[in-house]
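# for reference, the sequence and a predicted model appear below.
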Amino acid sequence: MRALCISLSLATVTLIAAAQRPQPAPLPATEPAQALYPLDGAFLQWPLPAGGQAYADIDGRHLHTYVVDQAAISRRYRDHGHPQFWGRITGTSSDAESADWLAGHFKRIALSDVRIQPIDLPPQWMPQSWTILATSGATTLPLDRSAAPAYGTPGTGPDGLDVDAVWVGTGSDADFAGRDVRGKAVFMFSMALPGSMNNTSTLEGGPKRAETRGAAAVFEVITLPGNSRNILYPVRVNVPVFALGMEDGYAIRDLIGRSERAPRVRIRLDVKQVPNQKSSLVWGTLPGASDETIYVMAHRDGWFDAATDNASGVATMIGLAEHFAKMPRERRRRTIVFVGLDGHHNDSGGVGRMWMVDHRGELFAKTALAINAEHTSTIQTYFYGERIRRANTYTAQLWYAGGPTRPKLQDIAIRAFREFGVSTYAEPEQAPPPGDLGRFFRFVPGVDAGDFNMYFHTDEETPETVPWTGLEASTRAYARIVDGVNGLELRDLQRPPEPEPGRGQP
Ligand SMILES: [Zn+2]
């Protein structure tokens with residue numbers, strides 16, 4: 001009994017001592033603890049399958065260096081006088097540097113006919129600079145920390161705008177009901193939704209509604225945790241439209257909410273239409289045992305680091321060139337043509353790829369396969385609380401492999417994705433995922449797998465958001481698909497062209 005009492009009191013003392021030690025403040029349930037390992041060293045690698053030894057040379061860590069190199073091209077452009085609108089921007093010095101860089105790799109790999117084919121661009125929308133300042137009483141909010149003009153949006157003129165702010169929820173008709181937005185800066189929550197990007201960019205079509213009701217400017221608060229800078233695809237309204245990061249969005253919303261009189265917003269956006277710029281197609285050829293062809297293409301342009309979109313695809317293309325160049329020519333049944341496309345993050349619809357479409361008779365008459373390497377690796381993310389959490393793996397891909405009239409090609413692709421660990425949805429897309437293959441698949445057997453991540457078109461789409469494991473999986477799978485297709489005849493793959501509807505934005 002006595003022993004029990006002693007042990008009880010010891011336990012009590014221990015508890016009291018523990019209670020008196022300073023305790024770390026409890027974390028909110030949605031806040032993570034410290035990371036126990038760096039993600040980059042912990043990405044889950046898909047093991048090389050039995051019988052896959054021929055693809056062991058395709059090394060994701062090696063391919064990832066090409067993503068880093070392309071991000072460095074973007075950052076050099078940013079650091080040389082373009083602090084707000086930067087990236088590998090079509091028609092600029094960063095475009096030229098990316099073309100030279102890619103041609104350099106094609107030459108190093110000893111491809112034939114390496115050349116940079118110049119492309120004349122129509123006048124290009126180039127925002128030179130912008131400032132956005134909201135004020136209410138003694139409070140000022142510099143919203144240009146995250147604000148960025150939607151692609152193609154008009155400027156304000158040198159005097160800028162000085163207007164009242166108004167909040168309209170998510171920008172639906174219900175949100176606008178009973179509100180006077182005439183002559184005001186209209187703020188709304190929005191989401192840059194992949195798949196609804198075509199010409200609207202946004203959740204509810206709020207910018208158009210604001211314009212119709214006489215707004216002076218529109219701000220779409222992109223509801224991604226943090227304060228990222230987003231470039232929206234053209235929203236096709238005639239007043240200035242900006243995307244805003246979520247922290248800046250909350251700040252202006254709360255300022256509007258607690259101000260007796262509407263805050264004022266000063267907006268200045270200097271935009272030029274720059275004529276006479278050039279972009280290019282970058283070509284390299286790996287001659288095979290026949291004049292039948294396989295194309296591998298990847299667009300070189302993108303906003304900010306553009307690491308997924310599309311440094312990843314370009315890295316995959318280089319990886320395929322390196323892999324097949326090691327193979328003796330007689331074992332390559334078909335000639336492989338590699339093309340770095342000018343891209344489509346501009347308002348011209350991709351002049352270079354349209355040149356290819358216009359020359360399809362000579363380019364694609366004997367083409368067995370066109371692989372579009374676009375967004376080939378993307379980190380898996382989740383929302384938890386108001387945070388984007390990153391996982392140690394890559395996301396599933398939207399995919400298309402020739403469509404239902406080419407069951408053999410589809411079967412080869414499904415097997416290759418499974419064998420090399422490319423995560424995909426069970427259902428293919430009816431047409432290629434939005435991107436460059438959309439211009440070609442009606443007359444060329446095409447394969448494309450890619451994803452649109454949370455960081456898509458933002459300044460947070462850095463090389464860290466491109467797992468090397470995903471690059472490895474996608475690139476090995478594409479190499480396997482090339483080999484599989486080389487076991488088929490042209491007649492198994494080619495089909496009469498499908499009718500093409502009007503040309504629009506990707
Ligand atoms: Zn892309």
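Thanks, I have it. Numbers count the residues shown, from 1 in each chain.
# who touches stretch 402-409?
369, 401, 410, 413, 428, 430-431, 441, 445-447, 485, 488, 492-493, 495 (Cβ atoms under 8 Å, 6 or more residues apart in numbering). Quick note: C-beta positions are derived from backbone N, CA and C, even for glycine.
# repeat that for stretch 84-97.
70, 73-78, 80, 82, 98, 121, 124, 126-127, 129-130, 144, 148-149, 231, 274, 277-280, 300-306, 342-343, 345-346, 348.
# just the ones in helices from the residues you listed, please.
70, 73-78, 98 (DSSP state H).
# and which of the residues you listed is nearest Glu472?
Of all the ones in helices among the contacts of stretch 84-97, the one sitting nearest Glu472 is Gln70; the distance, using Cβ to Cβ, is 17.5 Å.
# residues in contact with the residue lying closest to that closest one once chain neighbours are set aside?
Using Cβ to Cβ, 6 or more residues apart in numbering and skipping the chain neighbours, the partner closest in space to Gln70 is Ala311 (3.9 Å). When contacts are counted by Cβ under 8 Å, 6+ apart, Ala311 is found next to 66-67, 70-71, 302, 305, 463, 466.
# can you list these in JSON lines and add distance to Met354, pLDDT and neighbour count?
Listed next are the contacts of Ala311 as JSON lines, based on distance: Cβ to Cβ, whole Å; pLDDT from 0 to 100; neighbours: other Cβ atoms under 10 Å:
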{"residue": "Tyr66", "distance to Met354": "26", "pLDDT": "98", "neighbour count": "22"}
{"residue": "Val67", "distance to Met354": "27", "pLDDT": "98", "neighbour count": "29"}
{"residue": "Gln70", "distance to Met354": "23", "pLDDT": "98", "neighbour count": "27"}
{"residue": "Ala71", "distance to Met354": "27", "pLDDT": "98", "neighbour count": "23"}
{"residue": "Gly302", "distance to Met354": "19", "pLDDT": "96", "neighbour count": "30"}
{"residue": "Asp305", "distance to Met354": "27", "pLDDT": "98", "neighbour count": "30"}
{"residue": "Pro463", "distance to Met354": "30", "pLDDT": "98", "neighbour count": "22"}
{"residue": "Val466", "distance to Met354": "28", "pLDDT": "98", "neighbour count": "31"}
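# nearest to the ion among these?
Gly302 (6.8 Å; Cβ to the ion).
# my guess is the closest one contacts Gly343. True?
Yes. With contact taken as Cβ atoms under 8 Å, Gly302 and Gly343 are classed as touching, separated by 7.1 Å.
# mean confidence for the strand or helix carrying Ala479?
Following DSSP states H and E, the helix or strand that holds Ala479 is helix 468-485. With pLDDT averaged residue by residue, helix 468-485 scores 98.
# repeat for stretch 156-169
When pLDDT is averaged over stretch 156-169, the result is 96.
# for stretch 352-365, same thing?
Stretch 352-365 shows a mean pLDDT of 96.
# do the same with stretch 246-266
Mean pLDDT, taken over the full extent of stretch 246-266, equals 97.
# identify the residues contacting that stretch?
The set of residues external to stretch 246-266 that reach it, using Cβ under 8 Å, 6+ apart, is 131-137, 139, 141, 143, 145-147, 160-167, 184-185, 187, 189, 217, 219, 221-227, 244.
# quick check on those: which are buried?
Neighbour-count burial (16 or more other Cβ atoms under 10 Å) applied to these gives 131-136, 141, 143, 146-147, 160-161, 163-167, 184-185, 187, 189, 217, 219, 221-227, 244.
# all strands for the stretch 201-350 of the chain, in order.
All strands of the stretch 201-350 of the chain, identified by DSSP state E, counting those that start in this stretch, fall at 217-222, 241-244, 264-274, 278-286, 293-299, 302-303, 335-341.
# rewinding a little: what do Gly302 and Gly343 both touch?
Residues touching both Gly302 and Gly343 comprise 88, 310, with contact defined as Cβ under 8 Å, 6+ apart.
# Pro118: which element?
Element membership of Pro118 [criterion: DSSP H and E] is strand 112-120.
# any stretches of the chain with poor pLDDT?
Where the chain drops to pLDDT under 70, the residues are 1-30, 192-203, 500-506.
# near the ion, which residues of it show up?
Neighbours of the ion within the chain, by Cβ under 5 Å from the ion: 309-310, 374.
# top of those by neighbour count?
Neighbours were tallied for each of these (criterion: other Cβ atoms under 10 Å), and the maximum of 32 neighbours falls on Asn310.
# any idea how far Gln45 is from that residue?
Asn310 is 23 Å from Gln45, where distance means Cβ to Cβ, to the nearest Å.
# over to Tyr151?
37 Å.
# these two: who's more crowded?
Taking Tyr151 and Gln45 together and counting by other Cβ under 10 Å, Tyr151 has the greater number of neighbours (22 against 15).
# check which helix or strand covers that one.
Here Tyr151 sits in a region with no helix or strand, counting by DSSP H and E.
# for it, what are its contacts?
Applying Cβ under 8 Å, 6+ apart, we find Tyr151 in contact with 125, 231-234, 345-347.
# for the residue nearest to it when sequence neighbours are not counted, give its distance to the ion.
Nearest in space to Tyr151, with sequence neighbours left out and distances taken as Cβ to Cβ, 6+ apart, is Pro234 at 4.9 Å. Note on Pro234: its distance to the ion, by Cβ to the ion, to the nearest Å, is 15 Å.
# what segments of this protein are helices?
2-20, 60-79, 93-108, 173-176, 206-212, 246-258, 313-325, 351-358, 360-364, 407-420, 468-485, 490-493.
# and Thr405, its phi and psi?
phi -80, psi 0 (degrees, to the nearest 10).
# could you measure it against Trp355, distance?
In terms of Cβ to Cβ, Thr405 sits 27 Å off from Trp355.
# circling back: of all the strands of the stretch 201-350 of the chain, which one is nearest Arg179?
Between Arg179 and the strands of the stretch 201-350 of the chain, the shortest gap by Cβ to Cβ is with strand 217-222, which sits at 13.5 Å.
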